[in-house]
Each structure stands twice: as structure tokens, then as C-alpha cells.
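Undergrad: got a sequence here, can you build the structure:
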Amino acid sequence: MLSRKALLQLLILVLIGWGVSHFVQRTAPVGRDVSGNATARAILADQSSPSVAPSNPTLTLIVFGDYRCPVCKRAEPAMKRAIAADGHVRVVYKDWPIFGPLSERAARVAIASAAQGIYPALHDRLMVEDRRLDDAVLREAVMRSGGDWGRIERDLVGQAVAIDRQLARNQNNAVSLGLPGTPAYLAGPVLRVGGLDQAGFRTLFAEARKKADGRG
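TA: Numbering: from 1, shown residues only. This is a model prediction of the structure:
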């Protein structure tokens with residue numbers, strides 16, 4: 001059995017280790033600088049994907065996600081809170097369905113919904129949906145987002161080529177950036193792979209602005 005002195009020393013070492021780990025996590029870069037990457041600059045300039053923007057955005061955040069990705073779903077509320085607190089972030093959604101046919105179907109429905117102006121609302125619903133993303137669930141989500149499911153079905157056929165191109169463009173963007181999977185976030189010149197908590201997203205936004213201003 002350890003003596004009281006040994007236990008105290010062990011506790012001190014644990015606390016020091018925790019403190020060092022916490023400090024490293026808070027001070028280490030939250031993402032990778034890709035300001036010299038031509039693909040990253042082209043993605044940030046692309047206007048073809050669904051987006052949500054405040055009246056005076058000062059930062060663009062590209063979000064690569066999948067509606068069946070558990071990490072995407074866990075990170076989404078934290079991202080939303082950080083964006084709301086910031087007030088100046090434009091969000092661009094890059095649907096990248098990598099979790100199978102149900103993911104691809106959901107992504108296609110989401111992209112088709114943009115023609116009805118409900119993409120942001122539908123995206124939010126699908127990100128909190130825990131049920132299997134079959135057509136019954138997708139139909140319900142579209143209708144609750146204010147959309148017309150019949151039009152979605154028609155657009156999925158009539159706009160199939162355009163939707164194919166959007167998905168292919170998103171995948172090419174992801175591959176060009178070397179992304180291993182979802183989620184991934186391109187905040188200005190800073191690329192983050194993996195989810196974050198609210199503080200992490202706020203740090204990402206600050207780091208991106210710092211790099212963009214030439215202060216990083």
C-alpha cells in the first residue's frame with residue numbers, strides 16, 4: 001500500500017500531467033494552414049454549394065459532412081452555437097456521403113431541396129435525426145422543413161445530372177484536400193479534420209482570421 005506521502009506525490013504528478021495536457025490542447029493549433037493550397041482557395045471562392053450567411057460575413061466556413069456520420073452529428077450543435085456567438089461566419093455546406101446508400105440518398109434530397117429554399121432547415125433536421133434515413137423519414141423531414149416532397153421527387157429525376165455534378169465536385173474537393181473522412185472544416189485558410197466542441201470552433205475561427213490577416 002502506498003504511504004500518504006507517496007499518494008500525495010502521485011496526486012501532484014497526475015495534476016501536473018493534467019495541467020500540461022490541458023495547456024497543450026489549448027495552445028496547439030486547432031487546424032492546418034492551407035493558405036498556399038490553390039484547391040483550398042478555389043473551394044472558398046466556389047458559389048455552387050448551399051450556404052447560409054449573415055449580412056456582413058468576415059469568415060467563410062466550408063463544412064464537409066454526412067447525415068449518418070456520428071461525429072458530424074455530435075459536433076453540429078457546438079458549431080451552431082459558436083457561429084451564433086460569432087455572428088460573422090458564412091457557412092457553406094459540402095455534402096459528402098461516405099456512409100453508404102442511405103447517406104447518398106439523404107445528400108441528394110438535401111441538395112434537391114435547395115431549389116425550394118429549405119436546405120438550411122432540412123440540413124438542421126437531418127443532423128438531429130436518429131432514425132434510419134429511409135424515404136419515409138426524409139419525406140417527413142422535408143415536409144416539416146416547409147418543403148414539397150412531390151417536387152423533391154421530381155427534381156431528383158429532372159435535376160439528377162446537376163446533383164451528380166455537385167456530389168462529384170464535393171468529393172473531388174475532399175480528395176484534393178486529402179480528407180480522410182467526415183467531418184472536416186475549412187475555415188478560411190485553416191483546415192480542421194474531426195469534430196470540435198464550441199470552444200474549439202471559436203478557436204478555429206480566431207486562428208483562421210489570424211492567418212488570413214497575416215498574423216499567424
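Undergrad: can we go C-alpha only for contacts and neighbour counts from here?
TA: OK.
Undergrad: okay, Leu11: pLDDT?
TA: Predicted confidence (pLDDT) at Leu11: the value is 41.
Undergrad: how is the chain partitioned into domains?
TA: Structural domains assigned to the chain are 1-30, 33-212, following automatic domain parsing.
Undergrad: pick out the shakiest of the ones you listed, pLDDT-wise.
TA: Ranked by mean pLDDT, the domains of the chain bottom out at domain 1-30, with a mean of 47.
Undergrad: quick revisit: so which of the domains of the chain is the most packed in?
TA: domain 33-212 (a mean of 18; mean count of other CA atoms under 10 Å).
Undergrad: between the two ends of that one, how far is it?
TA: Separation of the first and last residues of domain 33-212 by CA to CA, to the nearest Å is 10 Å.
Undergrad: quick one: residues contacting the closest residue to Thr58 other than its chain neighbours.
TA: Sequence neighbours aside, His88 is the residue nearest to Thr58 in space, at 5.5 Å (criterion: CA to CA, 6 or more residues apart in numbering). With contact taken as CA atoms under 8 Å, 6 or more residues apart in numbering, His88 is in contact with 53-59.
Undergrad: same thing but 10 Å
TA: If a contact means CA atoms under 10 Å, 6 or more residues apart in numbering, then His88 has 53-60, 205 as its contacts.
Undergrad: and if you look at Val63?
TA: The contact partners of Val63, by CA under 10 Å, 6+ apart, come to 51, 72, 76, 91-96, 182-187, 192.
Undergrad: my reading is that it lies in a strand. Confirm?
TA: Yes. Going by DSSP: H, G, I helix; E, B strand; the rest coil, the assignment for Val63 places it inside a strand.
Undergrad: gap between it and Ile43?
TA: From Val63 to Ile43 the distance is 11 Å (CA to CA).
Undergrad: so what sits against both of the two?
TA: What both Val63 and Ile43 touch, as defined by CA under 10 Å, 6+ apart, is the set 92, 94, 186.
Undergrad: spatially nearest residue to the last one, not counting backbone neighbours?
TA: Think Leu186. The shortest distance from Leu186 to any residue that is not its chain neighbour, by CA to CA, 6+ apart, is 4.9 Å, and that residue is Ile62.
Undergrad: does the one you found really touch Trp96, like I thought?
TA: No. Judged on CA atoms under 10 Å, Ile62 makes no contact with Trp96 at a distance of 11.8 Å.
Undergrad: run through the bridge partners of the spatially most central residue of the chain.
TA: Centroid check for the chain by CA atoms, centre = their mean gives Val63 as the closest residue, at 3.5 Å. Taking DSSP bridges, one obtains Tyr93, Tyr185 as the residues bridged to Val63.
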